[in-house]
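J.: Sequence and predicted structure below; questions after.
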Amino acid sequence: MKVKFLLLCGLLMGCFSLKAQNKEYQKAFERLEKQFTRRTFYDDFQTHWLNKWHMDGRTAKVEVKDGTLKVCAGNRAYVDEDHVVLWTRKEFEGDLKIEYDFTRCDSSKYYFVNILYIQAQGSGEGPYKRDIFEWNELRDVPAMDVYFNHMETYHISYAVTGTEKPNEKEYIRARRYMPQNKKGLKGTDLRPEYFETGLFKIGVPYHLTFIKSGTDIYMNVKGDGREETFYFDASNFPKITKGRIGLRQMFTRTSSYQNFQVFQRNK
């Protein structure tokens with residue numbers, strides 16, 4: 001694929017600018033996006049959120065009002081009970097386009113993240129069945145290691161900010177969890193990684209679109225007068241083809257979501 005060739009050239013030669021990267025990623029994203037017009041999931045957040053979502057966690061507050069889903073994770077930093085994950089009740093198979101409007105609402109000083117999980121399934125070992133809803137009770141306390149040690153899924157981190165750790169950079173990164181390796185997060189990183197993007201300002205709405213096509217993953221962000229496209233290469237990992245979609249907020253994070261949609265390729 002052209003985008004992979006250009007990425008490799010840039011890594012080897014050290015001359016592939018971020019601007020050129022974004023241009024190529026944008027072209028590839030636009031070509032793919034045209035293929036995903038069959039909408040298979042939609043939540044306009046006009047009815048109770050439990051109709052289409054399941055929550056991992058005990059302390060989060062979730063409300064729907066005027067077409068907006070507002071999710072407030074627990075307010076205790078470094079307390080695993082105060083994470084939250086919302087899962088679609090529906091499972092999705094094959095390639096996907098996921099899009100929604102996102103706004104960061106908190107001004108937490110803590111350096112924590114928002115995460116999108118794409119097609120999560122359990123490892124299949126012990127109680128961690130392939131259908132994650134068969135072990136919902138094991139995620140009542142949604143500690144991160146329960147997920148990366150016992151799920152296969154793609155993970156995209158974004159809106160990573162906080163003044164608590166001034167030397168840490170804001171970033172957008174991705175992973176492919178590999179519970180079969182029994183090494184936690186080691187060796188799960190997808191490349192490239194993106195730092196100091198300047199996106200996800202407090203109170204500013206952004207339209208997010210993610211495409212998973214085979215082992216190519218794209219994230220397109222529109223908002224605050226900008227449009228940026230990010231690419232992640234998962235070709236060195238086994239493919240993921242089925243599972244649920246999840247929205248994770250680490251402790252102290254408050255975010256709002258609108259018009260959550262999932263599209264699949266035309267048959």
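T.: On my side now, so go ahead. Since this is a predicted model, take the numbers as computed values, not measurements.

J.: Look up how far residue 171 lies from residue 153.
T.: The spacing between residue 153 and residue 171, counted by Cβ to Cβ, to the nearest Å, is 19 Å. All C-beta atoms are positioned from the backbone trio N, CA, C, and that covers glycine.

J.: quick one, what contacts residue 262?
T.: Going by Cβ atoms under 8 Å, 6 or more residues apart in numbering, residue 262 touches 39-42, 88, 92, 96-98, 245.

J.: Helix or strand: which one has it?
T.: When secondary structure is defined using DSSP states H and E, the element that contains residue 262 is strand 254-264.

J.: mind listing what's buried in that strand?
T.: 254-258, 260, 262-264 (16 or more other Cβ atoms under 10 Å).

J.: for those, which one is nearest residue 134?
T.: Set against residue 134, the nearest of the buried residues of strand 254-264 by Cβ to Cβ is residue 262 (22.0 Å).

J.: Find the residue closest to the closest one in space, skipping its chain neighbours.
T.: In space, residue 262 comes closest to residue 41 once its chain neighbours are excluded; the distance is 3.9 Å by Cβ to Cβ, 6 or more residues apart in numbering.

J.: Is it correct that the one you found is in contact with residue 89?
T.: No. At 9.6 Å, residue 41 does not count as touching residue 89 under the criterion of Cβ atoms under 8 Å.

J.: mind listing the helices for the stretch 151-267 of the chain?
T.: Taking DSSP state H, counting those that start in this stretch, the stretch 151-267 of the chain contains no helices at all.

J.: Give me the residues contacting the one helix or strand the residue nearest to residue 262 maps to.
T.: The secondary structure element spanning residue 41 is strand 38-43 (assigned by DSSP H and E). Residues external to strand 38-43 that are found in contact with it (Cβ under 8 Å, 6+ apart): 49, 52-53, 69, 88, 90, 92, 259-267.

J.: swap in stretch 63-70?
T.: Counting by Cβ under 8 Å, 6+ apart, stretch 63-70 makes contact with 43-49, 62, 105, 254-260, all of which sit outside it.

J.: Relative to residue 141, which of those is nearest.
T.: Comparing those against residue 141 with Cβ to Cβ places residue 62 closest, at 17.1 Å.

J.: does that closest one belong to a helix or a strand, and which?
T.: Per DSSP H and E, residue 62 falls inside strand 61-65.

J.: Could I get the CA-only coordinates of that strand as PDB?
T.: The C-alpha trace of strand 61-65 is given here as PDB (Å, rounded to 0.1, in the frame of the first residue of the first chain):
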ATOM      1  CA  LYS A  61     -22.100   9.300  36.300                       C
ATOM      2  CA  VAL A  62     -23.700   9.000  32.900                       C
ATOM      3  CA  GLU A  63     -26.500  11.200  31.600                       C
ATOM      4  CA  VAL A  64     -28.300  11.800  28.300                       C
ATOM      5  CA  LYS A  65     -29.700  15.300  27.600                       C
END
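
J.: and the lengthiest helix in the chain, what other elements does it pack with?
T.: Taking DSSP state H as the criterion, the chain has its longest helix at helix 18-33. Other helices and strands packing on helix 18-33, by 3 or more Cβ pairs under 8 Å, 6 or more residues apart in numbering; DSSP states H and E, are helix 2-13, strand 205-213, strand 216-223, strand 226-233.

J.: Quick check, residue 80 in contact with residue 143.
T.: Yes. Taking Cβ under 8 Å as the contact criterion, residue 80 and residue 143 are neighbours in contact, 4.0 Å apart.

J.: and residue 99, what does it touch?
T.: The neighbours of residue 99, taking Cβ under 8 Å, 6+ apart as the test, are 207-210, 259-261, 263.

J.: Tabulate those residues (JSON lines), appending distance to residue 125 and pLDDT.
T.: Output for those, formatted as JSON lines (distance: Cβ to Cβ, whole Å; pLDDT from 0 to 100):
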{"residue": "207", "distance to residue 125": "38", "pLDDT": "98"}
{"residue": "208", "distance to residue 125": "32", "pLDDT": "98"}
{"residue": "209", "distance to residue 125": "34", "pLDDT": "98"}
{"residue": "210", "distance to residue 125": "28", "pLDDT": "98"}
{"residue": "259", "distance to residue 125": "37", "pLDDT": "98"}
{"residue": "260", "distance to residue 125": "31", "pLDDT": "98"}
{"residue": "261", "distance to residue 125": "33", "pLDDT": "98"}
{"residue": "263", "distance to residue 125": "32", "pLDDT": "98"}
